[in-house]
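Asks: Quick one, what's the 3D model for this:
(2 chains)
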Amino acid sequence: MLVLEWVSVSQTGPDLPFKHRFALSETDATQQELESLRSGGPQAVADLYSKYRPQLERMVDFRMDRRLLGRVDAGDILQDSYIEIARRVDSFLEDPAVSFFVWARQITWQTLMMSHRSHLGVQKRDARQEVRLHGGGYSQGTSVSLASRLMGDVTSPSQGAIRSEQTQQLREALDSMDSIDREVLALRHFEQLSNKEVAEVLSLGKTAASNRYVRALERLKKIMDETLGT
Amino acid sequence: MDNETKTNIDDTDRNPMDVLAEQFTRECRDGLQPSVEEYAEKNPELANKIRDLFPSIQAIEQLGSHAASEKRFAKANAVFDRNRIEQIGDYRIVREMGRGGMGIVYEAIQQSLGRHVAIKLLLQTSTDPKHLQRFEREARTAANLHHTNIVPVFGVGSQDGFHYYVMQLIDGMGLDRIIEDQRQSNTSPEPTKGFKTHLSLISNHETVAEIGRNVAEALHYAHEQGTLHRDIKPANLLLDNEGCVWVTDFGLAKAMEDSNVSRTGEVIGTLRFMAPEQFSGHPDPRSDVYSLGLTIYELLTLKPAYDESSRSHLLSGANAAQVGIELPSKLDTDIPRDLETIVMKACAREPQDRYQTAGDLAEDLENFLEGRPIRARPPSALETFTKWCRRNPAIASLSGIAALLLTLVAVSTSIGYARTNAALKREHEERTRTEIEKRRVEVAKLQAEETLGISLQALDRVYKRFAPERLSQKSSITMEGIDGQQLSVSSQPMLSRETAALLEDVLSFYDQFAQQDIDSDLLKKEAAKANRRVGDIHRQLGDFEKSTTAYLVAISMYTDIGDSELELARIENALGEVHRKKKEHGKARASFFNALDLLDPLLAKSADANEAKFETARTLYLLAKRRPHDPRQRFRKPQGRPEAPGGPPHGDRRPPPPHRPGGPGPPPNGPHNGPPPIHPDDAKHLGRAVAILEELTSNDSVHPEHQFLLSLCYREQANQKPGSDKQQSIDVLVKLCEQYPHVPEYRFELGVTLAEVPVHDFHGTDISDSIDRLRLSLQQLNLLTQSHPNIPRYIESAAHTHHKLGTLLRRVARESSSNRKANIADALRHLRMAVRLQKSQSVQFPESVAEQIWLARMRDNLASCLCGENSKEALELIENSIKESIHLLSGAGDNVPATHILIGQYETQAEILDDLNRDEEADVARREANDLRHFLPRHPSRPDSRRRR
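Replies: Sure thing, here's the model as predicted:
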């Protein structure tokens, strides 16, 4: 039943193009979304979900353990998370603490973690759990996903080697940053979230998130400079 | 930019930098390739931060933008996971055999022929017809290889956007799995199930050697057909049930190149087997030899030759070349010495140290298998040391131990030779009875000589590494004094103290050797050469008298030996350069003409005609070469002071001195300090050199040194015609740097040539052209200073180029108000950099007055630029600098340049104090400056009206 609904979602397509989000004040947009969810029923959930689907898919792609590629499709995760969202949307609407997107992202992330757990058995101490660059070991830390994300696409061996070097440097740089700095960069650049979304995800004020981001960039630059020995 | 309207609504509570960064990021994602500089210019108050941070954003976005292709790969994998394929074209799939980074291998039945085949399905979808064509072309090449050890390719095809290869089905498994199994069975006593037969197959060294030989033969065959494998590794070598080895995936690496192939972990893993030069994109047959060498290594030791971490260091190239491979016998003492020697030669780091063809490797493995002596020689201690030095010039030059070791090795071989020689002589005198004995003696003697010969050659290489012959040596850089006077500040030979110490050690060895009484023909030449080296080293160390003497001895020895015209010409040229250094221009010309006479008869001979031609061209170049700053140009500008290279830190505040000679005249420091006089024939000589080199390079375009000299000749031609462009020279150097990215000398000259731009007389070109060139120059020089942080002249050039650029930017800022802030900031950045680099130079060469003077000059310029921006910092800087400069005056010798510098600095100080409204102190500073003017010859005084603005 729900699966059928899902198919209709994909076909409907987003009725609010991505760019329009910027045409409205962000707060207004959030309010409007909540209104439409309250009045529009399951179709409204489906529409709104498909609007954010590309971003959610990016998140899944970025955070999924490399070893699950091929075994688990991002689509599978998204489908599961959609079912969960549809199931819980009413209780979310009772007292929405964050925007719909941030909430949906949260659910999707949880779904992904569940999937990791069932496929990889996080509890077991495994050598592969250690942070490894080339193997793309699993860890919930951002830096590993960043690194293997960067490693993921290699067009020729030599390019791979060069990128491997850059990744190595970037990874080292990220490793030495504190976790919020790291997360801010990942959210902004790899999940492509806006400042407001980052603020919500990390429970920061907008100004704080914004300053945090600029500072994280500065630190990254500084650390990279140091590793490059300039 | 309508994006702004989209973002700026809710932005009041955000960091303005963030807002810009977001907009920039979005433009990156939309593929608009936004310009950092544009952003900086539009937002002058954030310009510095933008220049600092936006490149990182670009990098992150760029690295992250490949998600799409990765996703495609994962999806394809998943699709094939869930949906069993039953049919591909004519082929019915029987089972999946394996899965790798690039695709899935199936066993299939070709229905039309009823035969079993293997199909490799590549998990990359591409519909670009160019990729398709390329893939098919490579596959066809592979299909044309017919060899008993190469898996035959039957054909290629594509279905639904997926490419596949059809190959003969080999009933066996990849060596990677065999290695893995063997490794496990070694660690656990329980024999692993299944592959016992295979295990036993590689359990002895002979079998490994046989596998290696067969693969090497297969590679040799393929190379002769013009096909490289490019991806030799255990996984691409299959061992069938008969123990026969098959090479698979020929040319696949090439076919997959730049086709947007998504490759995951496994491929990264195989980088382990890739030759260093492959990373820079120049694989040749020796790269395959290297990969095979590492594969055999792993078969023998069951351990990767490099662990991951050292490998990743290796990748970063020139800097990180220290990683060596552990000797196999250290891991397993049973490994035969000869086999080890063969493997180590195959995977030598430098291509020229490896087997030059796969065939040579196969032959030596065959020698080993047949119990014959192998060709490869284990490297002697000295060779190993030499190689180490070659890889670690910085470390080697820093460590006194290295120098000690080197001399020790050299001297001990030399003593060994002397002893053997003496013993043999005695024996010889006792009269050898039989022919056999006589021959034995001769062989032993030859061997001793050979050993010494090898030592000398090794030493020679070490020497060259430390003190490379430089074609274009600058002996001084001209600097502006006050009131536009040109000062020639001669610089010391740019040798670090460590290098100088090492050279002196090497020198003492050469010296001893050169004085030995030699009766062997082989060694006579070596002795002559040693004398030449003695001359070279003395020249490097700045002892021109001793250098001349040694050269003269070398000349007489070579004349005795005879038939050494080329060598003699080279020495004459070296001698000529020494004369030039001593300002004996007449003698210098005589030497160069001697060289030309020596070379002339050789030009017709075919044997080494090319070398003679090259040396002729070099001689002509040396003969016609001038310094970068032509004395004729010194007084060419009657109005104002010329601005190069320091630029006018004070605008037109300083008028020309009243008593200044109006036309050409002797330079301020007297005739002895000048460059070689201009000779009317210079242009003719250069023209001839260019003609020779152009001929050489058109016939023999692979010789980089010919092109290098050509570029220098072009440059010199341009230098001698003021206003002409150096583009021709730059073009050649750019090409050289592309082809030989690891030769620092080419990059250095490129950087230097780019930096030779007009800085005051633009001859119709634009100041912005000069700025662009200087920026390009800095790109090159920065690369060099990063990879070779200890080479003084690289740092020197970088410092001067930063200084020039900073000066020009400042001038632009002064002349036009647009972007003034950004330009000033940029100017300050470069001037600061110049000061920083020059500071390190002056620390390294504390006795060099020139370095100190330049430092003072650059600080003066920086302080002057800071004035008005941050006058307090400016004041502090100039006051400290003045304190240091005063010491320069107390030194012996020529104080004129230092006086000029100090006057300039006091004037800058006065100006800064003016700006801070500290008028009285400013007047004190001005008085100091004026007092100092009296110490100058012709003490030009400043008009009093200028004392206050």
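
Asks: Packing partners of the helix or strand hosting A:Tyr52?
Replies: For A:Tyr52, the enclosing helix or strand under DSSP states H and E is helix A:26-63. Here helix A:26-63 is seen to pack against helix A:2-12, helix A:74-94, helix A:100-120, helix A:142-152, helix B:67-82 when contacts are counted using 3 or more Cβ pairs under 8 Å, 6 or more residues apart in numbering or on different chains; DSSP states H and E. Where you see a C-beta, it was placed from the backbone N, CA and C, and this is true even at glycine.

Asks: Would you indicate which residues of the second one are buried?
Replies: Okay, so that is helix A:74-94. Residues A:74, A:77-86, A:89, A:92 are the ones in helix A:74-94 that count as buried (16 or more other Cβ atoms under 10 Å in any protein chain shown).

Asks: before we move on, what about the third one?
Replies: Of the residues in helix A:100-120, those buried under the neighbour-count criterion (16+ other Cβ under 10 Å) are A:100-109, A:111-112, A:115-116, A:120.

Asks: farthest-separated two in those?
Replies: Taking every pair in the buried residues of helix A:100-120 and measuring Cβ to Cβ, the maximum separation is 30.0 Å, between A:Phe100 and A:Leu120.

Asks: Show me what counts as buried in stretch B:209-225.
Replies: Buried residues in stretch B:209-225, counted by 16+ other Cβ under 10 Å: B:209-223.

Asks: Correction: the previous question concerned stretch A:33-46.
Replies: The neighbour-count criterion (16+ other Cβ under 10 Å) identifies A:Glu33, A:Leu34, A:Ser36, A:Leu37, A:Ala44, A:Val45, A:Ala46 as the buried residues of stretch A:33-46.

Asks: any idea which of these is the one closest to A:Ser176?
Replies: Sorting these by distance to A:Ser176 puts A:Glu33 at the head of the list, at 38.5 Å, by Cβ to Cβ.

Asks: Now do the host helix or strand of B:Asp931, average pLDDT.
Replies: Under the criterion of DSSP H and E, B:Asp931 resides in helix B:919-933. Model confidence over helix B:919-933 averages 86 on the pLDDT scale.

Asks: what packs against that helix?
Replies: helix B:896-915.

Asks: got the angle for the helix it packs on vs helix B:919-933?
Replies: In this structure, helix B:896-915 runs at an angle of 170 degrees to helix B:919-933, with axes from the mean of the first three to the mean of the last three Cα atoms, to 10 degrees as the basis.

Asks: Packing partners of helix B:896-915?
Replies: Counting by 3+ Cβ pairs under 8 Å, 6+ apart, the packing neighbours recorded for helix B:896-915 are strand B:486-490, helix B:849-866, helix B:871-890, helix B:919-933.

Asks: possible to save those as CSV with distance to A:Ala29?
Replies: Converted to CSV, those look like this (distance: least, Cβ to Cβ, whole Å):
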stretch, distance to A:Ala29
strand B:486-490, 67
helix B:849-866, 49
helix B:871-890, 48
helix B:919-933, 62
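
Asks: Out of the ones you listed, which one sits most buried?
Replies: Using mean count of other Cβ atoms under 10 Å in any protein chain shown, the stretch among the helices and strands packed on helix B:896-915 with the largest mean neighbour count is helix B:849-866, at a mean of 25.

Asks: what packs against that helix?
Replies: Secondary-structure packing of helix B:849-866 (3+ Cβ pairs under 8 Å, 6+ apart): strand B:476-480, strand B:486-490, helix B:792-815, helix B:820-844, helix B:871-890, helix B:896-915.

Asks: Include distance to B:Phe935 when you put those into CSV, please.
Replies: Shown next, in CSV, are the helices and strands packed on helix B:849-866 (distance: least, Cβ to Cβ, whole Å):
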stretch, distance to B:Phe935
strand B:476-480, 18
strand B:486-490, 14
helix B:792-815, 26
helix B:820-844, 23
helix B:871-890, 8
helix B:896-915, 5
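
Asks: Including mean pLDDT, could those go into TSV?
Replies: Written out in TSV, the entries for these read as follows (pLDDT from 0 to 100):
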stretch	mean pLDDT
strand B:476-480	54
strand B:486-490	51
helix B:792-815	89
helix B:820-844	89
helix B:871-890	84
helix B:896-915	88
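
Asks: State the number of residues packed around B:Gln111.
Replies: By other Cβ atoms under 10 Å in any protein chain shown, 12 other residues sit near B:Gln111.

Asks: what sits against it?
Replies: The neighbours of B:Gln111, taking Cβ atoms under 8 Å, 6 or more residues apart in numbering or on different chains as the test, are B:Asp90, B:Tyr91, B:Arg92.

Asks: try 7 Å this time
Replies: With contacts defined as Cβ atoms under 7 Å, 6 or more residues apart in numbering or on different chains, B:Gln111 is in contact with B:Asp90, B:Arg92.
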